[in-house]
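Novice: A predicted structure for the sequence below; I have some questions about it.
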Amino acid sequence: MGQENIVSIRGLTHDFGEVVALRDLNLEIPGGVTGLVGANGAGKTTMLRLLLGLLHPTSGKIEVLGHDPETEPLQVRSVMGYMPEGACLPSDQTAADFVSYAA
């Protein structure tokens, strides 16, 4: 995994029981990349949640700016933002509660 990339992913797999969201993903994102595009159900949101340390991989390795989101989630979240599309707040939480949780 190299420091020249913002994100390096090797052999990343994540499943939700029987549903496999990502299977053996290998990806390097160099500096300057600003977006992620793909079909619904392609695993984009799952990958972003893994990058932020909100989910943990079933297998594989992730590095974000030199940090492992599984063991250093706060370091990753301090340098990476996430803006979900559409409504994302649980109905029983205020915006402040959600920001506190995400931080």
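Specialist: Good, I have the coordinates. Keep in mind the model is a prediction, meaning the values are calculated, not measured. Numbering: from 1, shown residues only.
Novice: Keeping just the C-alphas, turn stretch 74-82 into PDB.
Specialist: Provided in PDB are the C-alpha atoms of stretch 74-82 (Å, rounded to 0.1, in the frame of the first residue of the first chain):
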ATOM      1  CA  LEU A  74     -10.900   8.900  13.800                       C
ATOM      2  CA  GLN A  75      -7.800   9.700  11.900                       C
ATOM      3  CA  VAL A  76      -9.500   8.700   8.700                       C
ATOM      4  CA  ARG A  77     -12.700  10.700   9.500                       C
ATOM      5  CA  SER A  78     -10.600  13.800  10.300                       C
ATOM      6  CA  VAL A  79      -9.400  14.000   6.700                       C
ATOM      7  CA  MET A  80     -12.300  12.500   4.800                       C
ATOM      8  CA  GLY A  81     -15.900  13.800   4.400                       C
ATOM      9  CA  TYR A  82     -19.000  11.800   3.400                       C
END
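Novice: residue with max distance from the center of this protein?
Specialist: Most distant residue from the mean C-alpha position of the chain: Asp92, 24.0 Å away (C-alpha atoms, centre = their mean).
Novice: That one and Phe98, how far apart?
Specialist: For Asp92, the distance to Phe98 equals 11 Å [C-beta to C-beta, to the nearest Å]. Bear in mind the C-beta positions are built from the backbone N, C-alpha and C, glycine included.
Novice: With Thr46 instead?
Specialist: 19 Å.
Novice: in the chain, which segments are predicted with low confidence?
Specialist: 1-3, 85-90, 102-103 (pLDDT under 70).
Novice: mind listing the strands for the protein?
Specialist: Using DSSP state E, the strands of the chain run over residues 5-16, 19-30, 59-64.
Novice: Relative to Pro84, which of those strands is closest?
Specialist: Between Pro84 and the strands of the chain, the shortest gap by C-beta to C-beta is with strand 19-30, which sits at 15.7 Å.
Novice: Can you give me every residue that contacts Gln75?
Specialist: His67 (C-beta atoms under 8 Å, 6 or more residues apart in numbering).
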